[in-house]
Structures are given as structure tokens and as C-alpha cells.
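**Q** Dropping a prediction and its sequence here:
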Amino acid sequence: MTRKAERTSGKGNAWQWSRTEQTRRALLDAAREVFCEKGFADTAIVAVVRRAGSSVGSLYHHFGGKTELFVALWEDYEDAREHDASEAVAQAKAAGEKDPLELFLVGTRSFLEGCWRRRDLVRLWMDGDGPPGFELMRRARGRQWIRQNAVLLEAGSEPVDRLVVGVLTSIIGEAGREIGTCSRKRDADAICHATIALIRRLDPLNVS
């Protein structure tokens, strides 16, 4: 293959990848709209592909079916949540913040603000209308979230330490669900402020 052909092939591959990613993104965005409107059980694949301007064959190619699409939407949500929190904590560290509790609260605020921006999805997960096995996946991800919070708080490995981190994570999760039901930004902000104030009062780094 000539160098010119290699360059042309490379551009073709990049274009194909971009087009594939655009199709996948369009299907996920359409799935978000339709699942949030109708729930998992009442959503028809044809409604998603029609909303996305795609085809049933393309959906099955990218995701495999309705269950896999629902799980992919949830994983996309979780990945975005973790990315936002990690970015916020990294920025705080770059600005000189070193206190574990303050960094934890930065991550908390990022998570709760994300719950407001994605409140339609928060309500979808709350409804419990998902495919078989979805709740087990959520619980596993929840345990992973607790471990991540333990690292951020620099918590110990004693039972009391694990209890404290678990309680804090539960508080944040419940606050996120409350924000998901809000219709006004000021109410979501009030929940966020109250959650952060509650965690400060608990003083988790000094629990003995």
C-alpha cells in the first residue's frame, strides 16, 4: 500500500469510527428519552430507533437488544457521574486542597449537581422498572462507590470505619434521589447544601 493510500485508509477508518460513535450516541440519547417517558417494560425497540432516526438492525448491532441498551444507558450515566466527580476532585487538589473531608465534599457536590442535571435518569432508576438482574448490578456498583469513598476519605479498615463510609454514601445516595424528584433548581440546591452541612456536623474523620 502506498503512503497516500495509507493516509486515505486512515482517514476512512477515522470517519467510520466517528460515524459509528455518532450512531451509538444517538441511540443512547433516544433511549434516554423513551425509557424515561415509558419505563423499561413499556418501551418498544421500534420507538427508540424511530426517535434516533436509526434502524432496528443498527440498534442490535451496537447493543444486542433492549436489555443491553438499558444497561448501556445506566453505565453511561454512572461513567459520567464518576468522571464529573473525579474531575472536580482533581481540580480541587490542583488548587491546593489536601483535606480528605473537603475533597470528599467536593465530590459529593459534583454528584448531587449531576443528579439535578440528569434527574430524568435518577427517576428512571428509582422506579425499579428494569431488566432482570439490574438490581444486582446496581448493588455491586454501590459497593464499588463505597470503596471509592473510603479511599477519598482515607478511611481505615476497622468495622466502624466501614460503617461510617457506608452511612455517608447512603446519605448522599438518598439526597440524590430526593433531588431527582425536584422540579425547581433552588430545591435541589437546598438539598445539596443540607447534605453537605449534615456531613460536616457528623465530622466523619473524627468518629471513634
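**A** Cool, the structure landed. Numbering: from 1, shown residues only.

**Q** so where is the protein shaky, pLDDT-wise?
**A** Residue ranges of the chain with pLDDT under 70: 1-18, 207-208.

**Q** what about the strands in it?
**A** Ranges of strands in the chain, per DSSP state E: none exist.

**Q** Sketch out the helices for it, chain order is fine.
**A** 3-38, 45-52, 56-62, 66-94, 100-117, 119-127, 134-153, 159-180, 185-202 (DSSP state H).

**Q** Kindly reformat the ones you listed as TSV containing mean neighbour count.
**A** Any C-beta I mention is one placed from the backbone N, CA and C, and that applies to glycine too. As requested, those are exported to TSV (neighbours: other CB atoms under 10 Å):
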stretch	mean neighbour count
helix 3-38	14
helix 45-52	18
helix 56-62	16
helix 66-94	16
helix 100-117	19
helix 119-127	17
helix 134-153	15
helix 159-180	17
helix 185-202	15
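
**Q** Taking the centroid of the chain, which residue is nearest it?
**A** residue 78 (2.3 Å; CA atoms, centre = their mean).

**Q** measure the residue nearest to that one when sequence neighbours are not counted to residue 124 for me?
**A** Of all residues not flanking residue 78 in the chain, residue 141 sits nearest, at 6.1 Å (CB to CB, 6 or more residues apart in numbering). Plainly put, residue 141 is 15 Å away from residue 124 if you go by CB to CB, to the nearest Å.

**Q** again, but for residue 139
**A** Relative to residue 124, and taking CB to CB, residue 139 is found at 17 Å.

**Q** Quick one: distance of stretch 190-208 to the chain centre.
**A** Distance, stretch centre to chain centre, for stretch 190-208: 23 Å (CA atoms, centre = their mean, to the nearest Å).

**Q** which residues are in contact with stretch 163-178?
**A** For stretch 163-178, contacts defined as CB atoms under 8 Å, 6 or more residues apart in numbering pick out 104, 108, 111-112, 115, 122, 126, 142, 145-146, 149-150, 153, 155, 191-192, 194-195, 198-199, 202, 204, 207.

**Q** Just list the residues touching residue 182, thanks.
**A** Per CB under 8 Å, 6+ apart, neighbours of residue 182: 116, 119, 188, 191.

**Q** Then residue 133?
**A** Counting by CB under 8 Å, 6+ apart, residue 133 has no contacts.

**Q** Could you shift the numbering so residue one becomes 56, and keep it that way?
**A** Renumbered: residue one is now 56, and that last one reads residue 188.

**Q** tell me the phi and psi of it?
**A** Phi and psi for residue 188, reported as degrees, to the nearest 10, are phi 90, psi -10.

**Q** Roughly how far does it sit from residue 130?
**A** 14 Å.

**Q** repeat for residue 228
**A** 17 Å.

**Q** Ok, residue 102 next?
**A** 21 Å.

**Q** give the contact list for the nearest residue to residue 129 once chain neighbours are set aside.
**A** In this structure, residue 129 finds its nearest non-sequential neighbour in residue 180, 7.0 Å apart by CB to CB, 6+ apart. Each residue near residue 180 by CB under 8 Å, 6+ apart is listed here: 129, 132, 193.
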